[in-house]
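Enquirer: Below is the structure, and that's it, no one-letter string:
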């Protein structure tokens, strides 16, 4: 448990091609609501092993080391040759072969996760586990970096909203201070907003244009329905129920 006397800060950042630089005492939270972190969390919640990767080559190499893996993902919105599913929480949730480990690739979200592999504290967040993640951060980490996926160089609305809502709760209930004006501004911008606000963003527009509105509907209707924290450990995303964590702590 963290000491109450420590100064507590939170920063919101966006991933581009360069890795944001944080000291080792920061807990990093990767956010790619549409769709990588939602797909990852959904798969693990269903009982699947999930391995995020940063490239097609890494996906294929890893697939060769495990029995009958499920290759899931997209590059530039297109499912790569040899993959089984798009980067879709709905398609993934419709499958019953949960014994098959999933290898997940996306244009930005899994690259973001891969950038921070090896950190002591790396969490995966989306709207499904927003509150659980926030409560765990407040209880355990005095310095937190919330990093949204920067799709095509743009900090997308859905990731801003998710990061802002986590930061706002940390500020209000955990006495954290925003580290910079950007963080404070994003929190203020999205305070009190409706989750439906993300329908106006470019990510939602892409899902609508490409006939994948079922994923958008899924994301909008699954808010805080998972009371678990998802962490990257030795290349794999694992689930820890918040009640169990509290008992251990």
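Expert: On my side now, so go ahead. These numbers come from a predicted model, not from an experiment.
Enquirer: what's the offset of stretch 132-146 from the middle of its chain?
Expert: Distance of stretch 132-146 from its chain centroid, counting by CA atoms, centre = their mean, to the nearest Å, is 14 Å.
Enquirer: list the buried ones in that stretch?
Expert: Buried positions in stretch 132-146, judged by neighbour count with 16 or more other CB atoms under 10 Å: 132-138, 141-146. C-beta coordinates here come from the backbone N, C-alpha and C atoms, glycine included.
Enquirer: Keep only those of those that are in helices.
Expert: 132-138 (DSSP state H).
Enquirer: between those, which is nearest residue 233?
Expert: residue 136 (14.7 Å; CB to CB).
Enquirer: What's the per-residue pLDDT of the closest one here?
Expert: The model reports residue 136 with a pLDDT of 97.
Enquirer: Residue 45 reaches residue 237, doesn't it?
Expert: No - contact between residue 45 and residue 237 fails when scored by CB atoms under 8 Å: they sit 10.3 Å apart.
Enquirer: what about these two, which has more around it?
Expert: residue 237 (25 against 18; other CB atoms under 10 Å).
Enquirer: For that one, which non-adjacent residue is spatially closest?
Expert: Distances taken as CB to CB, 6 or more residues apart in numbering put residue 50 closest to residue 237, at 4.4 Å, once the chain neighbours are dropped.
Enquirer: which stretches of this protein have low pLDDT?
Expert: 1-6, 17-19, 243-249 (pLDDT under 70).
Enquirer: Okay, strands next: where are they in this structure?
Expert: Using DSSP state E, the strands found in the chain span residues 9-15, 27-31, 50-53, 70-73, 102-105, 122-125, 143-151, 154-155, 177-178, 228-233, 236-241.
Enquirer: and the top helix by length along the chain, what other elements does it pack with?
Expert: When the chain is parsed with DSSP H, its longest helix is helix 157-174. Using 3 or more CB pairs under 8 Å, 6 or more residues apart in numbering; DSSP states H and E as the contact criterion, the elements in contact with helix 157-174 are strand 9-15, strand 27-31, helix 130-140, strand 143-151, strand 177-178, helix 181-190, helix 202-209.
Enquirer: Identify each buried residue in it, please.
Expert: So helix 157-174, judged by 16+ other CB under 10 Å, has buried residues 157-171, 174.
Enquirer: Would you mind checking which of those residues is nearest to residue 201?
Expert: Distances from residue 201 to those, taken by CB to CB, are shortest for residue 157, at 3.5 Å.
Enquirer: ok, now which ones touch the closest one?
Expert: For residue 157, the contact set (CB atoms under 8 Å, 6 or more residues apart in numbering) comprises 197-198, 200-204.
Enquirer: In those residues, find the pair that's most separated.
Expert: 197 and 202 (13.1 Å).
Enquirer: State the distance from the spatially closest residue to residue 7 that is not a sequence neighbour to residue 238.
Expert: Nearest residue to residue 7 in three dimensions, chain neighbours excluded: residue 142, at 6.9 Å (CB to CB, 6+ apart). As judged by CB to CB, to the nearest Å, residue 142 and residue 238 stand 23 Å apart.
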